[in-house]
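Chemist: Pasting the sequence and the predicted model now:
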Amino acid sequence: MLKGCQTAKERWGGVSEIIDRWLSERQELIVLYCSINGMDQFDDDNRPVANKLKELCQILVDYVSAGHFEVYEQLIQEALEHKDKSGEFVLDIIPRLEENTSKCLSFNDSCESISSLQRLQESVSELGEALEERFSLEDNMIEILHEPHREKLSG
């Protein structure tokens, strides 16, 4: 997951401040997710898992919201401004991202009520799968909607 995030930052970083900020938030989300995945009640710095989960949920909600309300809109607007036919791709990917958003928000909503460490680990694992899917969909969206206009925007 982290390697994919670094690749995304290398490919699309520097062209759009919104995308740069969003990809940095993605990296922060991945690092925190990895520090929680598979841990016991306390991690290496003796901070209870509940504190890290709260932080993870906050970053998760911020990241998902920024995608829907900033990044996706910018990418779609870019395609429209350049009279790009790739905007049709969005008709397929946006519903999949919305479904994925529901999974992420369900994790956030249920996080505080998880009573066992085993159930928490299962939920964190399910979130990891949802994040992998999300990052792949988002990277495809950036590739198709942003990459063709990259030189026009940076020049």
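Modeler: That came through, no problem. Everything numeric here is computed off the predicted structure, so don't read it as measured data.
Chemist: Point to the helix or strand of this structure where mean pLDDT is at its lowest.
Modeler: Of all helical and strand segments in the chain, the minimum by mean pLDDT, DSSP states H and E falls on helix 2-12, at a mean of 51.
Chemist: mind exporting the next helix or strand after it as CSV, just the C-alpha atoms?
Modeler: Downstream of helix 2-12, the first helix or strand assigned by DSSP states H and E is helix 17-36. Extracted in CSV, the C-alpha atoms of helix 17-36 (Å, rounded to 0.1, in the frame of the first residue of the first chain):
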residue,chain,number,x,y,z
GLU,A,17,-1.8,21.5,-4.7
ILE,A,18,-5.1,19.7,-4.0
ILE,A,19,-3.8,16.4,-5.3
ASP,A,20,-0.5,16.9,-3.5
ARG,A,21,-2.2,17.5,-0.1
TRP,A,22,-4.5,14.6,-0.7
LEU,A,23,-1.7,12.2,-1.6
SER,A,24,0.2,13.3,1.6
GLU,A,25,-3.0,12.6,3.6
ARG,A,26,-3.2,9.2,1.9
GLN,A,27,0.4,8.4,2.9
GLU,A,28,-0.4,9.4,6.5
LEU,A,29,-3.5,7.2,6.5
ILE,A,30,-1.4,4.2,5.2
VAL,A,31,1.3,4.7,7.8
LEU,A,32,-1.2,4.8,10.6
TYR,A,33,-3.2,1.9,9.2
CYS,A,34,0.0,-0.2,9.1
SER,A,35,0.9,0.7,12.6
ILE,A,36,-2.5,-0.6,13.8
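Chemist: From the contact counts, what lies against helix 17-36?
Modeler: Secondary-structure packing of helix 17-36 (3 or more CB pairs under 8 Å, 6 or more residues apart in numbering; DSSP states H and E): helix 2-12, helix 49-66, helix 117-145. C-beta coordinates here come from the backbone N, C-alpha and C atoms, glycine included.
Chemist: Just put those helices in a markdown table and tack on distance to Ser102 and mean neighbour count.
Modeler: Output for the helices and strands packed on helix 17-36, formatted as a markdown table (distance: least, CB to CB, whole Å; neighbours: other CB atoms under 10 Å):
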| stretch | distance to Ser102 | mean neighbour count |
| --- | --- | --- |
| helix 2-12 | 22 | 14 |
| helix 49-66 | 10 | 17 |
| helix 117-145 | 9 | 17 |
